[in-house]
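Chemist: below: sequence and its predicted model.
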Amino acid sequence: MRLSILATMLVCASVRAAPPDLSGVWMPETKRTEALPRALPFTAKVQAAVDLSRKTYDEHLDDAGRNCLPYGMPQSMLGTAAYPHEIIQQPDRVTMLFELHMGVRRIYLDGRKIPADAMRTRMGYSVGHWEGSTLVVETAALMPQTSGARRSERMRIVERFDLLTGPNEPKGKSLRVQITIDDPETYTRPLTVNKYYTYGTGEFEMGEYFCTEDLWQQIYSGNESRIPWR
Amino acid sequence: MFKRFLAVFALLFAAGAIAHHSVSNFDFDKSVTVNGSVTYFSFTNPHSFIDIKAKDEKGVETMWKVFATSKVVLQRYGWTPSSVKAGDVITVTGHPDKTKPQEMYLTKIKFANGTEWLRSSINN
């Protein structure tokens, strides 16, 4: 009897326990962060396209970053060490603001499903729910991309966000995101990596990153010849 | 606080970062130092660059193009749009381009006011 009361209390407590607050500015940590394999397991069709583009690659003309091709999923999460993102957590949604390319992700936590007719975008359509203290996010409706980070319409991404706290974490807390990328048209198997982010709120502020604007500014000011790849 | 953060930050770079654009055209095994006069400073994303007029070893005036990381990252390191100005005499060290020896990727700079700025030599 007593045990069942205790069990009921425990269940109630776990149901009622508020999810952790992931809000804050987060800087990618390279120490524990994993990278995708160097040789990606491309499907035969995509591998042929990759080989062809490598053969004709011109770093000044074809480099996606240099030409200001904005990021999207999963690239924004795979990230680069120098660029932070900010999480704003609300009960019905999580908003992620990426410094690089001023990227925005909206993750809906209101119980909706990814609409079958959702418009395909670079960031895709994200829905999430809490499994205990873990935020589980599913992303689909991604726009295909054939340069830079490749993806097809069939890509689905599952992320598990965990807040790590304690004296061993730099600044007392870190964010770990396990990212699983499943795209049977691009990769022969799902890819999973763990990314770590260091808490940066109060340490620095997020900056503004416009890429093409600076290029156009130079073109308009007659400095076209100064653009390195022209 | 900020300085401590920069130290951590430098370690992050040293640990090896994925560049948001390729810097594979630079030879990271070589280093070159140039002292000269700035003719143009582009404080921009995805990366910044400085044009410098300097004399080569034969005394011939030569133009150098020095690439650095993005404006948004340099700003976090304390750079401002006026950190480098046309006419400033500066000393820069960087990794030379593999095919264009007068282009480099900045690792160290001595500004006109004498202060130095360093960054670890990986990517971005």
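Modeler: Received the coordinates, thanks. Being a predicted model, the structure only gives us computed values, none of them experimental.
Chemist: quick one, what contacts the residue nearest the centre of chain B?
Modeler: Taking Cα atoms, centre = their mean, the centroid of chain B lies closest to B:Leu106, which sits 2.5 Å from it. If you count contacts by Cβ atoms under 8 Å, 6 or more residues apart in numbering or on different chains, B:Leu106 has them with B:Ile50, B:Val66, B:Phe67, B:Ala68, B:Thr69, B:Val92, B:Thr93, B:Gly94, B:Arg119. Heads up, the C-betas are built off the backbone N, CA and C, glycines and all.
Chemist: what ranges do the helices span in chain A?
Modeler: Ranges of helices within chain A are A:2-16, A:44-55, A:59-62, A:75-78, A:212-220, based on DSSP state H.
Chemist: related to what we said a few turns ago, relative to B:Asp27, how far out is the residue nearest to the centre of chain B?
Modeler: Distance, B:Leu106 to B:Asp27, using Cβ to Cβ, to the nearest Å: 14 Å.
Chemist: right, and the pair among the contacts of B:Leu106 with maximum separation?
Modeler: B:Thr69 and B:Thr93 (14.9 Å; Cβ to Cβ).
Chemist: who has more neighbours, these two?
Modeler: When B:Thr69 is set against B:Thr93 and neighbours are counted by other Cβ atoms under 10 Å in any protein chain shown, the residue ahead is B:Thr69, at 24 against 18.
Chemist: surely that one and B:Ser48 touch.
Modeler: Yes. Applying Cβ atoms under 8 Å as the test, B:Thr69 and B:Ser48 come out as touching, 7.0 Å apart.
Chemist: so where is the chain shaky, pLDDT-wise?
Modeler: Since no chain was named, I'll use chain A. A:1-16, A:59-63, A:66, A:80, A:213-230 (pLDDT under 70).
Chemist: meant chain B, my bad for not saying
Modeler: The model of chain B has pLDDT under 70 over residues B:1-22, B:120-124.
Chemist: near chain A at all, whichever strand in it runs longest?
Modeler: The single longest strand within chain B, with elements called by DSSP state E, is strand B:32-42. Yes. Shown here: strand B:32-42 in contact with chain A (Cβ under 8 Å from any Cβ of the partner chain) through B:Tyr40, B:Ser42.
Chemist: can you give me how far that strand is from the chain middle?
Modeler: 9 Å (Cα atoms, centre = their mean, to the nearest Å).
Chemist: mind listing the strands it pairs with, and their directions?
Modeler: Using DSSP bridges, strand B:32-42 pairs in its sheet with strand B:48-55 (antiparallel), strand B:89-96 (antiparallel).
Chemist: let me see the residues that make contact with stretch A:88-104.
Modeler: Residues outside stretch A:88-104 that contact it (Cβ under 8 Å, 6+ apart): A:21-23, A:68, A:70-72, A:76, A:79-80, A:83-87, A:105-110, A:123, A:128, A:135, A:137, A:206-211, B:20, B:72.
Chemist: from those residues, which would you call buried?
Modeler: Listed as buried from those are A:22, A:68, A:70-72, A:76, A:79-80, A:83-87, A:105, A:107-109, A:123, A:128, A:135, A:137, A:206-207, A:209-211, B:20, B:72; burial here means 16 or more other Cβ atoms under 10 Å in any protein chain shown.
Chemist: could you list which of those residues belong to strands?
Modeler: A:His85, A:Glu86, A:Ile87, A:Arg105, A:Ile107, A:Tyr108, A:Gly128, A:Leu135, A:Val137.
Chemist: list the contacts of the fourth one.
Modeler: Looking back up the chat, that one is A:Arg105. A:Arg105 makes contact with A:Met73, A:Ser76, A:Thr95, A:Met96, A:Phe98, A:Met123, A:Ser126 under the criterion Cβ under 8 Å, 6+ apart.
Chemist: what do you get for the last one?
Modeler: Applying Cβ under 8 Å, 6+ apart to A:Val137 gives the contacts A:Val94, A:Ile107, A:Ser126, A:Val127, A:Gly128, A:Ile157, A:Val158, A:Glu159, A:Arg160, A:Phe161.
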